[in-house]
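Colleague: below are the sequence and a predicted model; questions follow.
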Amino acid sequence: MGWVLLLDFDGTVTPIDVGPLILSRFAGDRWIALNEAWDRGELTTAERAEGQWATVEADGAAVHALLDRVPLDPHFPALVDYCRGRHIPLWIVSDGFDFYIERILANHRLTGIVVLSNRARWSDGRWRLEFPHPDGRGEPAGSWKADVVRQFQAKGARVVYAGDGLSDRAAIEAADGRFAKGKLADHCRTQGIPFLPFESLVEIHAGLRVLVEMEEGPDPGGAPEGEQSWAR
């Protein structure tokens, strides 16, 4: 299959974390203690989210109005175009929620992108959440993302993964090429996991091009020495 690119959404495809943006706007400070407990491994993703979203004092229309002002990384459309031109699967794998990912992508006229995430809907006066990819208690947050990496690898693909948070740890450990920032970069440094740091998707685009064009491009010998140390 060649290369596959899997991207986290909050803080990776978007420059800000959308879930915390919604919570900070509509839930006051009540969500923070639950987030800290999740950081310590005391709550599963589902337990954290159920508690946090129960405190959101806004309906779907109010939340959507906020989402309509959320930007994407400005380099994301060019990365999507590159992957489509090279027939590289690009999937979003997020421990956030489908309704805001899909709305933000649609606001930027980006369609046809596979999104794997949790689900949330405003219904009968409350937010109703679903977790089709749950982590069990004691498992690392986001461990289901590593399953997606391995499913592609089982088909012969090599996977580049990019993310920024604790829910990306299992996936980046399983991946063949790694980009990280924030808490995920700290984790990689602590564990001695090779990766490339990034601040925007332009760096991921450049790194992916190096990998792909080493194999398919006209000048495989043109990459700087050591450029592939973050990929296996």
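Modeller: Done, it's in.
Colleague: how about low-confidence regions in the chain?
Modeller: Counting by pLDDT under 70, the chain has low-confidence residues at 136-138, 217-232.
Colleague: by contact count, what packs against the helix or strand encompassing I204?
Modeller: Applying DSSP states H and E as the criterion places I204 in helix 201-216. Where contact means 3 or more CB pairs under 8 Å, 6 or more residues apart in numbering; DSSP states H and E, helix 201-216 is packed against strand 2-7, helix 76-85, strand 157-163, strand 177-180. Backbone N, C-alpha and C define where each C-beta goes, glycine included.
Colleague: right, so these: which one is the most enclosed?
Modeller: strand 177-180 (a mean of 27; mean count of other CB atoms under 10 Å).
Colleague: contacts for that one?
Modeller: With contact meaning CB atoms under 8 Å, 6 or more residues apart in numbering, strand 177-180 is reached by 3, 158-164, 168, 172, 187-188, 193-198, 203-204, 207-208, 211, 230-232.
Colleague: tell me the buried residues within those residues.
Modeller: Buried members of these, scored by 16 or more other CB atoms under 10 Å, are 3, 158-164, 168, 172, 187-188, 193, 195-196, 198, 203-204, 207-208, 211, 230-231.
Colleague: mind naming the longest strand for the protein?
Modeller: Across the chain, the strand with the greatest residue count (assigned by DSSP state E) is strand 114-123.
Colleague: and that strand, which strands flank it?
Modeller: Note on strand 114-123: by DSSP bridges, its sheet partners are strand 90-97 (parallel), strand 126-130 (antiparallel).
Colleague: what's downstream of the last one, the next helix or strand?
Modeller: By that I understand strand 126-130. Downstream of strand 126-130, the next assigned helix or strand under DSSP H and E is helix 143-154.
Colleague: go ahead and confirm D59 touches W122.
Modeller: Yes - counting by CB atoms under 8 Å, W122 is a contact partner of D59 at 5.6 Å.
Colleague: tell me which of those two has more neighbours.
Modeller: Neighbours were counted for D59 and for W122 using other CB atoms under 10 Å; W122 has more, 17 against 13.
Colleague: quick one: that one from Y100, how far?
Modeller: According to CB to CB, to the nearest Å, W122 and Y100 sit 12 Å apart.
Colleague: check contacts around the residue nearest to Q191 when sequence neighbours are not counted.
Modeller: Nearest non-adjacent residue to Q191, counting by CB to CB, 6 or more residues apart in numbering: E173, 7.7 Å away. With contact set as CB under 8 Å, 6+ apart, E173 has these partners: A146, Q191, I193.
Colleague: who touches the last one in this structure?
Modeller: I193 makes contact with I172, E173, R178, H187 under the criterion CB under 8 Å, 6+ apart.
Colleague: and D68, how many neighbours?
Modeller: Quick note: D68 (other CB under 10 Å) scores 10 neighbours.
Colleague: who are the contact partners of it?
Modeller: Counting by CB under 8 Å, 6+ apart, D68 makes contact with R103, N107.
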